[in-house]
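In: Any chance you could fold what I've pasted below:
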Amino acid sequence: MLLLMWITVGAQAQTQTAIVVNPYSPVTEARLCRNWLRFDTTYAGVGPADFQAGDTVIIIQMQGASADASGSITSMGAAGRFERNVIARRSADTVFLSMTMLAAYTEKGTLQIVQSRRFPSAAEVGADDTTRQYMLTAPPFDGRAGGVLMLHSADTIRLWCNITADGCGFRNDEGICTIGTSVNAGKQGTLGSGGGGHGGRGGQGTRNAQGVGAPGGQALSYTSGVNWIFMGGGSGSVPNGTSTAGGGIVIVDAPAIHGNGFAITARGDSGTTPTMGGGAGGALLLTSKTILDVPLCSVVGGNSQRGGAGGGGVVRIGTITALNLTASSYRGGLASENVTGNGEGGKLFYNVIINEGTQRYSAPQPVVSADTSVCVGRTVSLWGRGAEVVAWTRGADTLCTACDSVDVVADSTQTLSAHFMINGCVDTMNVTVTVYPTPNIQLPDTVYTCPAVPITVAAQEGFARYAWSTGDTTTHTTLRAEGTYYLDVVSTDGCGGRDSVVLMFTSEVRMRVVSSGTNGVVLSPLSPSEQGQATITIENITDTALTITAVRLHDGTVLSVPLHQLPRSLPPHSMTGLNVVGAYHMPGNYSDTLSVFDECGVVSTPLTVTITETPWFTRCKVRITSSGELEGFTPEQLQEVVIVDVLGRRLYPPLVPGCYFVRLGSTTFAVQMP
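Out: Residues are numbered from 1 along each chain as shown. I've put the predicted structure just below:
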């Protein structure tokens, strides 16, 4: 990605196009244990096509040092640490690096990642610009990122344009410290601010009447055994808040550089008002063993008037034979109106390298138990392997420490975390335990039936398996004997449950007659052989359903109930009407007991039938005795009586039970022997 901006270079009134060739972004999170960096995808210096697999990057900690109240460094932290690495892959806002990272970076110290611009073999940098009207540059440091330019090639780099990071370093009052006053930043002053420091100390601002001038920034040591790199410190600010910036960082990694007369610079800015100090020179890191025709290779400090000039920067070259630099290339800036304000000279080093890991990152492969599911109340064992497990936690609760495994009684769905110690930092992996409930079987506590009357009990549908203690394996079973019966089920989640039901025999009255009245059921008056009909209402007075199975008379009077009525189911506390039909052949008053039966018992009510006499059916004092003789006739009449059956055949006593016609003179009587 190329970021274009227009600037005016030097004192010439010629406008040049300054091209930023390096994608860059602040690092928001650095994980050494997983060898990845997370960056700000919304940052202006990076696009979606940047930071892809195979890209070479520089990771550089811009700040992070600490200083005490006196301005002395108490800790360098990770400030100035840098290294080259190669991206293995990118996932959204995270880059995974191929080589093991060397330093314990901290994102709180303005850590940034910069993608190096790679040029092919025999690279002609800027050759396409025949007017020579542009230069390569770094974006100015904005407090989070910027200030770094890097090019690399496997062959000679031939320049056709200037390469510069002038004024791209730390800004006013800004330097390597994130805690305390930045030691390489110039200090504020009213008569003149102090110059920024880097390889050399910054100049002091003009002294006041008490002989005190604003101090310049301190020099930073490059000889303490750590291969680091810094930008130039900014000058102190003046009352109107303005100041100058130090030089940035230029890194060129190639076997040789052919300059073609073009410059490589990282100079500090000069003060533009009498009281402004100068920024410190930046840093050049040129790994080349051969550097030809580069007329200007400069990290000088910025000049000033009454303010302190900037200290000189640092030049680092691959070999002493590559380029013969004089001190003028890294001298301090000059203060034209302040004899104590000149900046001190910077430093020159040879035989330098770019930090780079030599061990390809092989990610530890910690693993934890797979997400699992269990039934409520069961114990589940979870484990972690592949690295040291320092703790298992559930939310804010620590379940154990220094434990590879943990046993948990699961009462609800939960997420547990295994914390691994990897390369000095803790990585966390989660396991979700899904907990399934115990099946809720909905059996009644107790059911009732009559002895020898089976009853069916059913559970709800939806379970995977059913197992009754009766041996049945469906949703229902039939019970025949008193006792406790069990049902075991397995849900579709694989969880088991058990419920029971108790069967008890009962002889309780479960029905009552509602509508028979005080005298019970009355079928009258009727003529002989006429059928009488009445409706009897029966109520179920229990909480369970019952079945009416039969209707009978105790003494056997002819009675019928239409067949389609029975058996009849009667829900709890409901009523039903039964139609009863009765008939009798002989005149008279008859009474009996009407009984209605269910599976367990009977309910009874009186029944009365009255049969009226007719001209055909009259007793007329004629009666047939139990011995079959006629009574009610005089001896003379008996001599004249003629008895015939229904076929007209004459019969003589004794008679058997049946219907007969008795003729006496012109009168005929019909009689029935029961």
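In: Listing request: residues of the stretch 351-500 of the chain with sub-threshold pLDDT.
Out: Low-confidence segments of the stretch 351-500 of the chain (pLDDT under 70): 452.
In: Would you map the strands across it?
Out: 367-368, 372-375, 379-385, 388-394, 397-401, 405-409, 414-422, 425-436, 446-449, 455-458, 465-468, 476-479, 483-490, 496-505 (DSSP state E, counting those that start in this stretch).
In: Tell me which of the ones you listed sits nearest to Glu107.
Out: strand 425-436 (13.1 Å; C-beta to C-beta). Just so you know, the C-beta spots here come from the backbone N, C-alpha and C atoms, and that holds for glycine as well.
In: Could I get the buried residue list for that closest one?
Out: For strand 425-436, a neighbour-count test (16 or more other C-beta atoms under 10 Å) marks Asp427, Met429, Val431, Val433, Val435, Tyr436 as buried.
In: Save those residues as TSV, and put in distance to Asp645 too.
Out: Below are the buried residues of strand 425-436 laid out as TSV (distance: C-beta to C-beta, whole Å):
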residue	distance to Asp645
Asp427	116
Met429	109
Val431	102
Val433	96
Val435	91
Tyr436	86
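In: out of the residues you listed, who's nearest Tyr330?
Out: Among these, Asp427 lies closest to Tyr330 (C-beta to C-beta), at 44.0 Å.
In: That closest one reaches Ala391, doesn't it?
Out: No - look at Asp427 against Ala391 with C-beta atoms under 8 Å: they stay out of range, at 12.0 Å.
In: could I get the strands of the stretch 351-500 of the chain as TSV with distance to Cys168?
Out: Below are the strands of the stretch 351-500 of the chain laid out as TSV (distance: least, C-beta to C-beta, whole Å):
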stretch	distance to Cys168
strand 367-368	46
strand 372-375	55
strand 379-385	47
strand 388-394	43
strand 397-401	48
strand 405-409	53
strand 414-422	37
strand 425-436	33
strand 446-449	89
strand 455-458	84
strand 465-468	75
strand 476-479	85
strand 483-490	72
strand 496-505	72
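In: For Leu136, which of those is the nearest?
Out: Nearest of the strands of the stretch 351-500 of the chain to Leu136, taken as C-beta to C-beta: strand 425-436 at 37.2 Å.
In: Please name every helix or strand in contact with the closest one.
Out: In terms of contacts (3 or more C-beta pairs under 8 Å, 6 or more residues apart in numbering; DSSP states H and E), strand 425-436 is packed against strand 367-368, strand 372-375, strand 379-385, strand 414-422.
In: rewinding a little: quick one: which of the strands of the stretch 351-500 of the chain is nearest Leu286?
Out: Counting by C-beta to C-beta, Leu286 lies closest to strand 425-436 out of the strands of the stretch 351-500 of the chain; the figure is 34.8 Å.
In: tell me which element the spatially most distant residue from the centre of the chain falls in.
Out: In the chain, the greatest distance from the average C-alpha position (C-alpha atoms, centre = their mean) is reached by Glu636, at 117.8 Å. Assigned by DSSP states H and E, Glu636 falls within helix 635-640.
In: what mean pLDDT does that helix have?
Out: Here helix 635-640 scores 72 as its mean pLDDT.
In: Name the next helix or strand downstream of it, please.
Out: strand 642-644.
In: what comes into contact with that following strand?
Out: Strand 642-644 is contacted from outside by Leu630, Arg650, Leu651, Tyr652, Pro653, Leu655, Tyr660, Phe661, Val662, Arg663, Leu664, using C-beta atoms under 8 Å, 6 or more residues apart in numbering.
In: again, only this time at 6 Å
Out: Arg650, Leu651, Tyr660, Phe661, Val662, Arg663 (C-beta atoms under 6 Å, 6 or more residues apart in numbering).
In: How about stretch 28-36?
Out: For stretch 28-36, the surrounding residues in contact (C-beta under 6 Å, 6+ apart) are 37-38, 40, 94, 96-97, 101, 104-105, 107, 361, 422-423, 425, 427.
In: Any of these buried? List them.
Out: The neighbour-count test (16+ other C-beta under 10 Å) marks 37-38, 40, 94, 96-97, 101, 105, 107, 361, 422-423, 427 as buried among the contacts of stretch 28-36.
In: Is it correct that Thr446 is in contact with Val502?
Out: Yes - using C-beta atoms under 6 Å, Thr446 is in contact with Val502, at 4.6 Å.
In: what about these two, which has more around it?
Out: Each of Thr446 and Val502 has its neighbours counted (other C-beta atoms under 10 Å); Val502 has more, 15 against 10.
In: give me the beta-bridge partners of that one?
Out: Beta-bridge pairing for Val502 (DSSP bridges): Thr446, Thr484.
In: how close does it sit to Tyr466?
Out: The gap separating Val502 from Tyr466 is 19 Å, by C-beta to C-beta, to the nearest Å.
In: And Val339, by the same measure?
Out: As judged by C-beta to C-beta, Val339 and Tyr466 stand 103 Å apart.
In: More neighbours: those two, which one.
Out: Set Val339 next to Tyr466 and count neighbours by other C-beta under 10 Å: Tyr466 wins out with 18 against 10.
In: Any idea what that one is bridged to?
Out: Counting by DSSP bridges, Tyr466 forms beta bridges with Val489.
In: Okay, now the unreliable bits of the stretch 151-300 of the chain?
Out: The stretch 151-300 of the chain contains residues with pLDDT under 70 at 225.
In: could you show me where the strands are in it, in order?
Out: So, for the stretch 151-300 of the chain - with DSSP E, counting those that start in this stretch - the strands run 157-159, 163-164, 177-179, 249-253, 256-258, 264-265, 283-286, 290-292, 297-298.
In: Relative to Ala145, which of those strands is closest?
Out: Closest of these to Ala145 is strand 249-253, at 12.2 Å (criterion: C-beta to C-beta).
In: For the closest one, list every residue counted as buried.
Out: The neighbour-count check on strand 249-253 (16+ other C-beta under 10 Å) flags Ile249, Val250, Ile251, Val252, Asp253 as buried.
In: Stretch 30-49 too?
Out: 30-40, 43, 45-46.
In: Likewise for stretch 504-511?
Out: Arg510, Met511.
In: quick one: contacts of it?
Out: With C-beta under 6 Å, 6+ apart as the test, stretch 504-511 has contacts from Tyr448, Pro451, Glu482, Ile538, Thr542, Leu546, Gly601, Val603.
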